[in-house]
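1. what would the 3D arrangement of this be:
(one chain, ligands or ions: 1)
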Amino acid sequence: MGRRKSLLNFLLPITCLSMLVGSAQSLQAAAVPTGDRRVHLNLDPAERAEFLSEMRQMLASIQGIIAGIGEEDRERIIEAARYSGNRMARATPASVRARLPKEFREIGGPTHMLFEEIVIRAETDDMASLAELTGRTMQNCLACHARFRAD
Ligand code: HEC
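-> Residues are numbered from 1 along each chain as shown. You can find the predicted model right below:
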C-alpha cells in the first residue's frame, strides 16, 4: 500500500504536468497564424521596385538621423530626415496612390509628416527628445510592416 501510494504520488504530478503542457501547446498552435496574413498591395513589378527603393531610402534616413543624434550634428539629422519627408510623399505617382488602401495611406502620410517634424525640431530640440521622436516615427514603420506586403 505504502509502495503504491508513493508510486501514485510520483506519477500523478507528472501526468498532470504533461496534460498542462499539452494543452498549452495546442492553445499556442491555435493562436499562431498558419500563413502570412498581411494585406497585398498588388503593386506591379515596376511600381514595387520603386516603392521598395523608397523604403530603403527611409531606412537610410533613419540611419542618418540616429548617427546625427550620436554626433550631435544637427545638419546631418536635418538632411537625412528631409529625404523622407513631404518630398517623398509628393513623389508617389497618382496612379499608385489611388490604388493604395485607405488604412495604408493613414499610416504612410503621417510618417512623412513625422520626418518633416524631425527636420523642424532638429533646429532647436535636445538630442534625447529627437531620439524619442525618431523612436515614435519608427512605430509607424512597424505598424505598416505588420499589416501590408508590397506584392
Ligand atoms: C505605410 C506603410 C509603410 C510604412 C509607414 C513604412 N513601410 Fe517600409 N515597407 C512597407 C511595405 C508594404 C514593404 C514591403 C514588405 C513586403 O512586401 O514583404 C516595406 C518594405 C521595407 C523595406 C525593405 C525594402 C526592400 O528592398 O525589400 C525597408 C528597408 C523598409 N520598408 C523600411 C522602412 C522604414 C525604415 C520605415 C519607417 C521610417 C518604413 N519602412 C515605413 C510599408 C511601409
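2. what does the protein have sitting close to the ligand?
-> Proximity of the chain to the ligand, by Cβ under 6 Å from any ligand atom, involves residues 41, 52, 55-56, 58-59, 62, 104, 107-108, 111, 137-138, 140-141, 144-145, 148-151. Every C-beta, even on glycine, is put in place using the N, C-alpha and C of the backbone.
3. restricted to buried residues, select the residues you listed in ChimeraX.
-> The buried residues among these can be selected in ChimeraX (16 or more other Cβ atoms under 10 Å) with this line:
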select :41,58,62,104,107,108,111,137,138,140,144,148
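4. give me every residue that touches E103.
-> E103 makes contact with 39, 147, according to Cβ atoms under 8 Å, 6 or more residues apart in numbering.
5. mind checking what secondary structure it has?
-> When classified by DSSP: H, G, I helix; E, B strand; the rest coil, E103 comes out as helix.
6. L59 is in contact with L52, correct?
-> No - using Cβ atoms under 8 Å, L52 makes no contact with L59, being 10.5 Å away.
7. returning to what we had before: just the residues of the chain next to the ligand: which are in strands?
-> Using DSSP state E, 148-149 are the members of these that sit in strands.
8. alright, calling it a day.
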